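Visitor: Below is the structure, and that's it, no one-letter string:
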């Protein structure tokens, strides 16, 4: 092999290694975000508000657009109250699951979107069955991924103004 060919081969190998490192880092970060979402689902099913709130940034920088009023929840304290009210609707067990989860991470920022389904009986024994679309923005803080912004929504029939709480594709 000539010296030029060897140099080119070494350069190509170096480029391949350098470009593979971010891909591996992104994969690890994306796996960490998926693990965060799995912990969230387990906490939701356990109705453990403290564990639920551990997936969110714990300060007033958190901003959430939920499906219930008000238009936005600014800060972790406000969102904790929203969670207390939601979980208070279910005196017994509930079932929560995340599907169609897609995440992306680069550097210290990431985002994800999913379909989330909740069902259970309220205090009167009436079944609550709700499917929502969720988009989360994540930030890696001190080595840990946290949700810094969340947007929860349901489709709305503009002709009737009624929400589609089943949210089928």
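Guide: Noted; the coordinates are in hand. None of the values given here were measured: they were computed from a predicted structure. Residues are numbered from 1 along each chain as shown.

Visitor: contacts and neighbour counts: CA atoms only from here.
Guide: Fine.

Visitor: Can you pull the poorly scored residue ranges out of the protein?
Guide: Within the chain, the stretches with pLDDT under 70 are 1-26.

Visitor: can you give me the helices for it?
Guide: For the chain, the helices defined by DSSP state H cover 3-46, 49-53, 76-88.

Visitor: Need the residues that contact the last one.
Guide: If you take C-alpha atoms under 8 Å, 6 or more residues apart in numbering as the criterion, helix 76-88 is touched by 47, 49, 53, 56-62, 64, 73.

Visitor: Can you list the buried residues in it?
Guide: Neighbour counts over helix 76-88 (16 or more other C-alpha atoms under 10 Å) mark 76, 79-80, 82-83, 87 as buried.

Visitor: swap in the shortest one?
Guide: Of the residues in helix 49-53, those buried under the neighbour-count criterion (16+ other C-alpha under 10 Å) are 49, 51-53.

Visitor: cool, and stretch 42-50?
Guide: Using 16+ other C-alpha under 10 Å as the test for burial, stretch 42-50 gives 42-45, 47, 49.

Visitor: For those, give me CSV that also has distance to residue 164.
Guide: Listed next are the buried residues of stretch 42-50 as CSV, based on distance: C-alpha to C-alpha, whole Å:
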residue, distance to residue 164
42, 26
43, 26
44, 22
45, 23
47, 25
49, 27
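
Visitor: Residue 155: which of those residues is nearest?
Guide: Each of the buried residues of stretch 42-50 was scored against residue 155 by C-alpha to C-alpha, and residue 44 proved nearest at 22.9 Å.

Visitor: now that closest one: how far from residue 93?
Guide: Going from residue 44 to residue 93 by C-alpha to C-alpha, to the nearest Å gives 10 Å.

Visitor: is it true that residue 121 touches residue 127?
Guide: Yes. In this structure, residue 121 is within contact of residue 127 by C-alpha atoms under 8 Å, at 4.4 Å.

Visitor: So between the two, which is more surrounded?
Guide: More crowded of residue 121 and residue 127, by other C-alpha atoms under 10 Å: residue 121, with 17 against 12.

Visitor: Identify each buried residue in stretch 156-169, please.
Guide: Those would be 165, 167, for stretch 156-169 by 16+ other C-alpha under 10 Å.

Visitor: Now do the end-to-end distance for it.
Guide: End-to-end distance of stretch 156-169: 13 Å, with C-alpha to C-alpha as the criterion.

Visitor: Give me the residues contacting that stretch.
Guide: With C-alpha under 8 Å, 6+ apart, stretch 156-169 has contacts from 129-132, 154-155.

Visitor: List the buried residues of the strand ranked longest in the chain.
Guide: Ordering each strand of the chain by length in residues (DSSP state E) puts strand 127-141 first. Residues of strand 127-141 classed as buried by neighbour count (16+ other C-alpha under 10 Å): 130-140.
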